[in-house]
Structures are given as structure tokens and as C-alpha cells.
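S.K.: have a look at this fold, sequence not included:
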């Protein structure tokens, strides 16, 4: 059986298949992340609070192991998207192979948003296309703000540390929604990898948004989404003109059991370039 390295701050369990198989990160494993750069372009005004607003650019992935044949690395979907963005701009000799990169695919949740597990591991099938133009608002931004995540969107003060414990509380916390945005993926079971790795592995490709919740939002609104949404569907604006924004300037938790996991951000931002493409 091939080697699987879990390069995430948490274990991966599977639901409903392979419920007895749990992939755990090795002790001391370094978690790769997508490098980002931020350019402040404005301020969002929300309930008398002022939130810095940034243009967010994905860079090359950081701390990603070199490619090794027959060794597979489970990383975040955003890290894989950062690799593909790097490859799209790199010369052929500078591109990193991606056949070894997998991510927890099709996260299953309870009606209240708690994670049950992943349907399997995903391997994106990517076709590149020219990145669409992204119009990012600037200056003083007074657009309505909504959270479209299955978890609260917590925004911390600029003076708070990057790693927060129970003594730190966000100054804005938008509650979770039970009608959160999700990417609609084409998927096909990769029988060879499933047999080789002993867990379900799917070849995947984003087709757009899974549900009809976009109809709840009006043109000109800012919708806080998971970064995988605008990156995965290749767009930072919905068909009705509402714009997808993400938590920027990440803040991570020091709490036992979830140490290192995302706790929120200190700002909002928009990705300035799509990463993956819609299928042909």
C-alpha cells in the first residue's frame, strides 16, 4: 500500500464510507499553506465597525514537500489551488507535479454545520483558462455584509495576536448559516488509487455552486465565504453581482484540541484572480 502523509492540523475521517479508517497527521508534521499577499484597498463599514479591506493574491505554496513517486500528501484544497496557480504562471521546467496531492473531499456535516467526515479524498482535474477580470471595491465600502459559512465568521481587532486563546474575543462575530455556499463538484471514483490507498479517492472538478442559496443575496452585497469557493469556481462575483469575500489576515486558535486551526481573521478581502477552472 502506498504511503499517505497527512499534512493538515487535524485528522481526516470518512463518512459514511470507511468510518473505521482515520488518517492522522504525523507528530511534528509541517503543514503547507498557500502564501498570500495583501494590499489594503479600502474599509468596510459594518454596524459602526470599520474593517480593513484587502486585495488578496495567492502565491506559491509554502512548506510543501518535494514530489516523490508513490507518496501521497493530503493537504488543504487551497494549497492545491496555490500549486496550480504557480504552475499556470511557471515555465514547464518549474512546474511542480500534482499527482501526489489530495484533499479531504465533499465534507459531510450535521444540520447544524458540525463536521461528520469527508466522503473521500479528492484529486482535482484541472484545465487552465485566462483568469476573468475581478472588480474589487475600494475606498469606504458600505455594502451589506453576510456570512455564508457553516461556522461563525469571527473578526478580531488589529491589535490582537495572530494566535488567540480564550482571553481573546472577536469584536464582530457573524453567526453561521444552515444554507451555506458549497461548490458543486463533478466526481468519478478513481478505482486504482482507491485500491492502492485503501480509502475512497475521487477525481474531481468544480462545476459551480451546489445550492440555490445565491438567490438569497442581492446585488451589491458582500458575502463571506470559504476561500475555496471563489478559488474553486473561478469567480469572485455571483451571477447577480453579489461579491464573494474571505476572512483575511488569518487568526489561529491556541485552544486545546483545535490548536492551529483557523479561528477567524483581522480583515476582509477579495481574491484577485481565479485559480481553478470550470469544466469543459
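M.R.: In hand now; what should we look at? None of the values given here were measured: they were computed from a predicted structure.
S.K.: phi and psi next, for residue 80.
M.R.: In terms of degrees, to the nearest 10, the main-chain angles of residue 80 are phi -60, psi -40.
S.K.: ditto for the one 3 residues further on
M.R.: Comment: the main-chain dihedrals of residue 83 come out as phi -60, psi -40, following degrees, to the nearest 10.
S.K.: that one and residue 100 touch, don't they?
M.R.: No - assessed by Cβ atoms under 8 Å, residue 83 is found out of contact with residue 100, at 10.3 Å. For glycine as for every other residue, the C-beta is placed from the backbone atoms N, C-alpha and C.
S.K.: skipping adjacent residues, who's closest to residue 119 in space?
M.R.: Counting by Cβ to Cβ, 6 or more residues apart in numbering, residue 106 is the residue found nearest to residue 119 once chain neighbours are left out, at 3.5 Å.
S.K.: and the one you found, what does it touch?
M.R.: Neighbouring residues of residue 106 by Cβ atoms under 8 Å, 6 or more residues apart in numbering: 118-120, 122, 185, 187, 202.
S.K.: what strands line up against the helix or strand where it lies, and which way round?
M.R.: According to DSSP states H and E, residue 106 maps onto strand 101-109. Sheet pairing for strand 101-109, assigned by DSSP bridges, gives strand 71-74 (parallel), strand 115-124 (antiparallel).
S.K.: give me whichever of the ones you listed is most buried.
M.R.: The highest mean neighbour count among those, using mean count of other Cβ atoms under 10 Å, belongs to strand 115-124: a mean of 22.
S.K.: what does that strand rub up against?
M.R.: 12-17, 19, 74, 77, 80-81, 84, 98-99, 101-110, 185, 187, 189-190, 193-194, 197, 199-206, 276.
S.K.: by contact count, what packs against the next helix or strand after that strand?
M.R.: Remark: after strand 115-124, the chain's next helix or strand is strand 139-141, criterion DSSP H and E. If you count contacts as 3 or more Cβ pairs under 8 Å, 6 or more residues apart in numbering; DSSP states H and E, strand 139-141 packs onto strand 33-46.
S.K.: show me what the strand it packs on pairs with in its sheet, parallel or antiparallel.
M.R.: In the sheet, strand 33-46 lines up against strand 49-62 (antiparallel), strand 139-141 (parallel) (DSSP bridges).
S.K.: re the thing from before, mind giving me the ChimeraX command for buried ones among the contacts of strand 115-124?
M.R.: This is the ChimeraX syntax for the buried subset of those, where burial follows 16 or more other Cβ atoms under 10 Å:
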select :12,13,14,15,74,77,80,81,84,101,102,103,104,105,106,109,185,187,190,193,194,197,199,200,201,202,203,204,205,206,276
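S.K.: the contacts of strand 115-124 in strands, which ones?
M.R.: Per DSSP state E, strands hold the following members of these: 12-13, 74, 101-109, 185, 187, 189, 201-206.
S.K.: re earlier: gap between the residue nearest to residue 119 and residue 189?
M.R.: Distance of residue 106 to residue 189, computed by Cβ to Cβ, to the nearest Å: 12 Å.
S.K.: joint contacts of those two?
M.R.: Taking Cβ under 8 Å, 6+ apart as the criterion, residue 106 and residue 189 both touch 120, 202.
S.K.: which one is residue 23 nearest to, not counting chain neighbours?
M.R.: Distances taken as Cβ to Cβ, 6+ apart put residue 12 closest to residue 23, at 4.4 Å, once the chain neighbours are dropped.
S.K.: then residue 118?
M.R.: residue 104 (3.9 Å).
S.K.: can you pull the contacts of the one you found?
M.R.: When contacts are counted by Cβ under 8 Å, 6+ apart, residue 104 touches 8, 12, 74, 77, 118, 121-122.
S.K.: ditto for residue 83
M.R.: Taking Cβ under 8 Å, 6+ apart as the definition, contacts of residue 83 comprise 60-61, 64, 96, 98, 101.
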